[in-house]
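Novice: Provided below for reference: sequence and predicted model.
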Amino acid sequence: MCGIRCCDGCKTVVLGWTIVLVAIGSAGYLFAMTPVDAKTLLVTSDLAKRLRAHVDYLASPELKGRKPGTAGNRSAAEYIQARFREMRLESLPSLRGYGQRISSEVGDNLIGVRPAASAGPSSHWILIGAHYDHLGGSYLGADDNASAVGIMLETARLLPPLAHTHMLFVAFNAEEPPYIRTPLMGSQYFVDHLPAEIDSPSNLQAVVIMDLMGGVHWEPLRDVIFAAGAEKSPGLYRRLKEAAQARGTRLEARGQNFPSSPIAHSPSPLAVLPVGLHLVEEVPLLGQVAFSDYDAFRNTSVPFLFLSAGRTPRYHQPTDLPDTLHYERMAATVEWLLSLAGLIDQDNEPYRFEASRVEFADEVASLQPLATLAADRNTMIPGTSTLSLWRLKRDQEWFKTLNSAAPSSDDLKRLESLSLRLQCLLADFPACFLL
């Protein structure tokens, strides 16, 4: 995933912020809550152990960071194809195998298919995808993005054929710089060269893209993932919200009870919080910046869902290692995706796509509890400065006067600023207090 640290033009922004940060020595930092200790992220279920095994291999030193065009990237591709064969996923006849060659220098996208169970013809497809490349060298990329590839693989293993809809499981290559937002980016190449069996982007009923699915830094986000983009498609958004409820009901039927929390709005080991894509992409001085593989689908009006646990201080660092991930939350995500796919399969009519659509009230419901915890000295994000804390407390006052049912353009911008401030603090990015 390419985010604030590596987007085009961000180096200039970072330099400016850093100069100001050095000049303002009185910013002050507070340390009330310690970061989540990776040793507390136990791996007990069989599913979590399988996820750990995928990440251990893909983020091993032997693969040297899976940079496109390298032996490590090819080894990762061979590993994913071997898992596709074990799961009896089919390949697309037009590709004559699982690989879709991007270029000889870059390598391949990898595509496995689980056809629909019904004998009748179907032109609908659901795609679940994640990029498998990373930066190379000492940057091994456990969270970015071996975590999401592992979830994709285990979802493919556990999901039986859907009644009406074909499933595509895609490991995209070349998402990281210098390929992001170029024609050689794996997801962009896929959209530009759709296999003949899919024929048209309009036959993609829904696309689920995952990036950064295993990291956790702040205790309130231990069992949280964020869901963006579905708000552009009312039908998909409805299924997104229903999937969380179906997941909780199924666990209760199995006798598994989980306490409610201010973040998880229903008893469940996983809280899926809907956030608008504008809360993720709006960067000061740069405007809208796309950060992952969803962009190629968004640009062709394909209904999509972008799932992520968000950045941590280990993002694009050599410290992004397998023993820092939350595998039980990843396992809960696999089971949640099984529910979501089943719900989408019930819809025969194509989902509408409305590029400017937002769900502001739901965005407020997702972010306000996090902002409240972040503004409390006892529960704030580790490393929060006094100035950032002051700004967060001002946000609390704003929430009290906000009419979320009728937001103004200023309200949208205010929530975007708050979202960026939280992301900045969670990633321990310099000069967060300026946001």
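Specialist: That came through, no problem.
Novice: Tell me which residues touch residue 321, please.
Specialist: 59, 140, 142, 314 (C-beta atoms under 8 Å, 6 or more residues apart in numbering). Placement of C-beta: from N, CA and C, glycine included.
Novice: Determine which two of those residues are furthest apart.
Specialist: 59 and 314 (11.6 Å; C-beta to C-beta).
Novice: For these two, list the residues in contact with both.
Specialist: In contact with both residue 59 and residue 314: 320-321, using C-beta under 8 Å, 6+ apart.
Novice: out of those two, which sits in the busier spot?
Specialist: residue 59 (28 against 21; other C-beta atoms under 10 Å).
Novice: wouldn't that one be in contact with residue 146 here?
Specialist: Yes. Residue 59 lies in contact with residue 146 (C-beta atoms under 8 Å); the separation is 4.6 Å.
Novice: anything in contact with each of those two?
Specialist: With C-beta under 8 Å, 6+ apart, residue 59 and residue 146 have common neighbours 134, 322.
Novice: which among the contacts of residue 321 gets closest to residue 108?
Specialist: Looking across the contacts of residue 321 and measuring by C-beta to C-beta, the closest to residue 108 is residue 59, at 19.5 Å.
Novice: Columns secondary structure and pLDDT on top of the contacts of residue 321, output as a markdown table?
Specialist: Output for the contacts of residue 321, formatted as a markdown table (DSSP: H, G, I helix; E, B strand; the rest coil; pLDDT from 0 to 100):
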| residue | secondary structure | pLDDT |
| --- | --- | --- |
| 59 | coil | 98 |
| 140 | coil | 98 |
| 142 | helix | 98 |
| 314 | coil | 96 |
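Novice: What residues sit buried inside stretch 45-52?
Specialist: 47-48, 50-52 (16 or more other C-beta atoms under 10 Å).
Novice: Could you give the average pLDDT over that stretch?
Specialist: Averaging pLDDT along stretch 45-52 yields 97.
Novice: Would you mind naming the residues that bridge with the one residue sitting closest to the centre of the chain?
Specialist: Geometric centre of the chain, nearest residue: residue 308, 2.3 Å, by C-alpha atoms, centre = their mean. Legend: beta-bridge partners of residue 308 under DSSP bridges are residue 226.
Novice: roughly how far apart are it and residue 174?
Specialist: Residue 308 sits at a distance of 19 Å from residue 174 (criterion: C-beta to C-beta, to the nearest Å).
Novice: ok, the buried residues of stretch 45-52 vs residue 294, which is closest?
Specialist: Nearest member of the buried residues of stretch 45-52 to residue 294, counting by C-beta to C-beta, is residue 51, at 22.1 Å.
Novice: how much space is there between the residue lying closest to residue 143 once chain neighbours are set aside and residue 223?
Specialist: Spatial nearest neighbour of residue 143, excluding adjacent residues (C-beta to C-beta, 6 or more residues apart in numbering): residue 215 at 4.3 Å. Using C-beta to C-beta, we find residue 215 at a distance of 13 Å from residue 223.
Novice: Residue 351 now?
Specialist: 28 Å.
Novice: wait, is residue 272 part of a helix?
Specialist: No. Residue 272 is assigned strand when assessed by DSSP: H, G, I helix; E, B strand; the rest coil, not a helix.
Novice: Could I get the contacting residues of it?
Specialist: Here residue 272 is in contact with 224-227, 240, 243-244, 307, 336 (criterion: C-beta under 8 Å, 6+ apart).
Novice: Residue 207 sits in which helix or strand?
Specialist: Counting by DSSP states H and E, the element that carries residue 207 is strand 204-210.
Novice: That strand pairs with which strands?
Specialist: Assessed with DSSP bridges, strand 204-210 is paired to strand 125-131 (parallel), strand 304-308 (parallel).
Novice: can you put those in TSV and add mean pLDDT and distance to residue 203?
Specialist: Converted to TSV, the strands paired with strand 204-210 look like this (pLDDT from 0 to 100; distance: least, C-beta to C-beta, whole Å):
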stretch	mean pLDDT	distance to residue 203
strand 125-131	98	6
strand 304-308	98	14
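Novice: out of those strands, nearest to residue 189?
Specialist: The nearest among the strands paired with strand 204-210, by C-beta to C-beta, is strand 125-131 at 11.8 Å.
Novice: Run the chain-centre distance for that closest one.
Specialist: Averaging C-alpha positions (C-alpha atoms, centre = their mean, to the nearest Å) puts strand 125-131 12 Å from its chain's average.
Novice: What distance do you get for residue 173 to residue 202?
Specialist: Looking at residue 173 against residue 202, where the rule is C-beta to C-beta, the gap reads 25 Å.
Novice: got the residue ranges for the helices in the stretch 51-200 of the chain?
Specialist: For the stretch 51-200 of the chain, applying DSSP state H, counting those that start in this stretch gives helices covering 71-86, 147-158, 186-192.
Novice: Tell me the helices and strands packed up against the shortest one.
Specialist: Right, helix 186-192. On a contact count with 3 or more C-beta pairs under 8 Å, 6 or more residues apart in numbering; DSSP states H and E, helix 186-192 meets strand 99-103, strand 107-114, strand 125-131, strand 166-172, helix 294-298.
Novice: got the angle between the longest one and strand 99-103?
Specialist: In this structure, strand 107-114 runs at an angle of 160 degrees to strand 99-103, with axes from the mean of the first three to the mean of the last three C-alpha atoms, to 10 degrees as the basis.
Novice: Right, I'll leave it there.
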